[in-house]
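J.: A predicted structure for the sequence below; I have some questions about it.
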Amino acid sequence: MILLPRDFYDQEVTLVARRLLGKRLVRSLDGMRLAGTIVETEAYRGEEDLACHAKSGRTPRNAVMYGPAGHAYVYFTYGMHWCLNAVTGAVDYPAAVLIRAIHPCEGLEDIALRRGRFPRSQWCNGPAKLTQALRIDGNLNGASLCDQHDGLWIEEGEEIDNQWVKATPRVGIDSVPEPWKSKPWRFLAELPEEQ
DNA sequence: CGCCCGATGTGCT
DNA sequence: GCACATCGGGCGT
């Protein structure tokens, strides 16, 4: 098991988003591991990116994005959903990668307590679905992803070749103006076994 | 299948 | 007030 070092996150956010594909997101609690392989991400980059939560400057909500790389930015939305991001880049430059989907592979019995009523393919195929599956909420906002202290981290995984990776515009930002609306900053791993 | 819409709380205008 | 980096149920095709 190799934890991703802080250096990994201290790079341009779209590069981090691409390189997170294939890595293993791990949640540890109650002596149990819940984990899955990251297969979909999105990059949000700076105050100039009008789809980014930092578009209007620093606020209490988005403050973690302005902090050091390798921490979790966890936010609440639509009155009921939590979403997980990994902060990237330099201090005072707000950027983060939204983790949009994983393939769950550890702790399936516990994940099924919350997701078992749906088909397995739908357990973690959305940003709020995977946080529900892995029991991630606002208590983890600001957690360090580079050690095991906070019960949430990311480990090395399989390298995913470019032939399996697609880049598309980000989703759920229809009201955002161009050019931000069309930036190809969503990265998907379309692995052979799922076709 | 696809589209539509209600749920539900918070942050910011 | 209102918009929101969403989800899941319902209904029509």
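T.: The structure has been received and is ready for your questions.

J.: only C-alpha atoms for contact and neighbour calcs from this point on.
T.: OK.

J.: what's in contact with stretch A:172-184?
T.: Contacts of stretch A:172-184 with the rest of the structure, by CA atoms under 8 Å, 6 or more residues apart in numbering, involve A:49-51, A:167-170.

J.: State the mean pLDDT of it.
T.: The average pLDDT for stretch A:172-184 rounds to 94.

J.: Report the distance from that stretch to the chain centre.
T.: Offset of stretch A:172-184 from its chain centre (CA atoms, centre = their mean, to the nearest Å): 19 Å.

J.: Show me what counts as buried in that stretch.
T.: A:180-181 (16 or more other CA atoms under 10 Å).

J.: same thing with stretch A:71-86?
T.: A:71-75, A:82-86.

J.: do the same with stretch A:20-37
T.: So, applying 16+ other CA under 10 Å, buried residues of stretch A:20-37: A:20-28, A:33-37.

J.: Restricted to strands, list the residues you listed.
T.: Using DSSP state E, the members of the buried residues of stretch A:20-37 that fall in strands are A:24-28, A:33-37.

J.: May I have the beta-bridge partners of the closest residue to residue A:99 other than its chain neighbours?
T.: Distance criterion CA to CA, 6 or more residues apart in numbering; nearest residue to residue A:99, sequence neighbours excluded, is residue A:41 at 4.8 Å. Taking DSSP bridges as the rule, residue A:41 bridges to residue A:99, residue A:187.

J.: in terms of contact, does residue A:41 touch residue A:171 like I think?
T.: No - applying CA atoms under 8 Å, one finds residue A:41 not in contact with residue A:171, separated by 10.7 Å.

J.: Isn't residue A:147 up against residue A:6?
T.: No - contact status for residue A:147 versus residue A:6: not in contact, 9.4 Å apart, counting by CA under 8 Å.

J.: Wait, residue A:24 touches residue A:37, no?
T.: Yes - taking contacts as CA under 8 Å, residue A:24 lies within contact range of residue A:37: 4.5 Å.

J.: so what sits against both of the two?
T.: residue A:157.

J.: Would you agree residue A:16 falls within a helix?
T.: Yes - assessed by DSSP: H, G, I helix; E, B strand; the rest coil, residue A:16 belongs to a helix.

J.: quick one, what contacts the closest residue to it other than its chain neighbours?
T.: Spatial nearest neighbour of residue A:16, chain neighbours left out: residue A:9 (6.3 Å); criterion: CA to CA, 6+ apart. Contacts were defined as CA under 8 Å, 6+ apart; by that measure residue A:9 touches A:16, A:69-70, A:86-89.

J.: that older thread, tell me the contacts of the residue nearest to residue A:99?
T.: Contacts for residue A:41 (CA under 8 Å, 6+ apart) come out as A:17-18, A:20-21, A:97-101, A:186-188.

J.: Residues of chain A that sit close to DNA strand C?
T.: For chain A, the contact set with DNA strand C under CA under 7 Å from any atom of the strand comprises A:42, A:44, A:51-53, A:77-79, A:81, A:83, A:85, A:96-98, A:115, A:122, A:125-130, A:171-173, A:175-176.

J.: Quick check: end-to-end length of stretch A:168-185?
T.: The first and last residues of stretch A:168-185 sit 6 Å apart, counting by CA to CA, to the nearest Å.
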